[in-house]
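Asker: Build me a structure from this.
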Amino acid sequence: LEARVGRVPMGAFERQALQFQRAYPADPQIQYLRFRNFLHHREHQAAVAALHTFFDYSSGHHAALQQPETRLGNFQNALLNMADVHANHGSLDQAFQALDETLRVAQQRNDDGCLAHALAQLCHLLAMPITQHPSLDYIEGAASRRIGFQCMAV
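Answerer: Residues are numbered from 1 along each chain as shown. I've put the predicted structure just below:
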């Protein structure tokens, strides 16, 4: 199913995902694959709903999140995915805010993998042409207040 994300029409993928969900109702990974597929097809509301369902099913403790020992879940991964949703939706100010929070939480939890992904996504967003940044105020404000992006020094 994972190999089909974004490669088949959304309806065909959804039918197969629902079959898998009926066969394996306790597996939250199906919801994550649905999230990625919805995101690929620019179905943002459905993508957010699938992401919420994934974290509800897994309580943020799914094995793919690599830190099941924490009782509070892996919210840095949820935030990172939400930044992806906002960026794909064109809401760059919200994407930067989600990345800012992702970096803070990932630093606190010593999650180097999440930090690396968040920094890569941040670099990708900052490399966009200036005309695609609808709200540069947030970026400049965060940099001047040193609210986020401290992990660049890490």
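
Asker: Confirm for me that Met82 is in contact with Ala98.
Answerer: Yes: counting by CB atoms under 8 Å, Met82 touches Ala98, with 4.7 Å between them. C-beta: built from backbone N, CA, C; applies to glycine.

Asker: which stretches of the protein have low pLDDT?
Answerer: 1-4, 59-73, 130-154 (pLDDT under 70).

Asker: What residues of the helix or strand containing Ile30 count as buried?
Answerer: Using DSSP states H and E, Ile30 maps to helix 29-40. Neighbour-count burial for helix 29-40, with 16 or more other CB atoms under 10 Å as criterion, is recorded at Gln29, Ile30, Gln31, Tyr32, Leu33, Arg34, Phe35, Arg36, Asn37, Phe38, Leu39.

Asker: any residues touching stretch 8-21, and which ones?
Answerer: Residues outside stretch 8-21 that contact it (CB atoms under 8 Å, 6 or more residues apart in numbering) are Leu1, Arg4, Val5, Asp27, Ile30, Leu33, Arg34, Asn37, Phe38, His41, Glu43.
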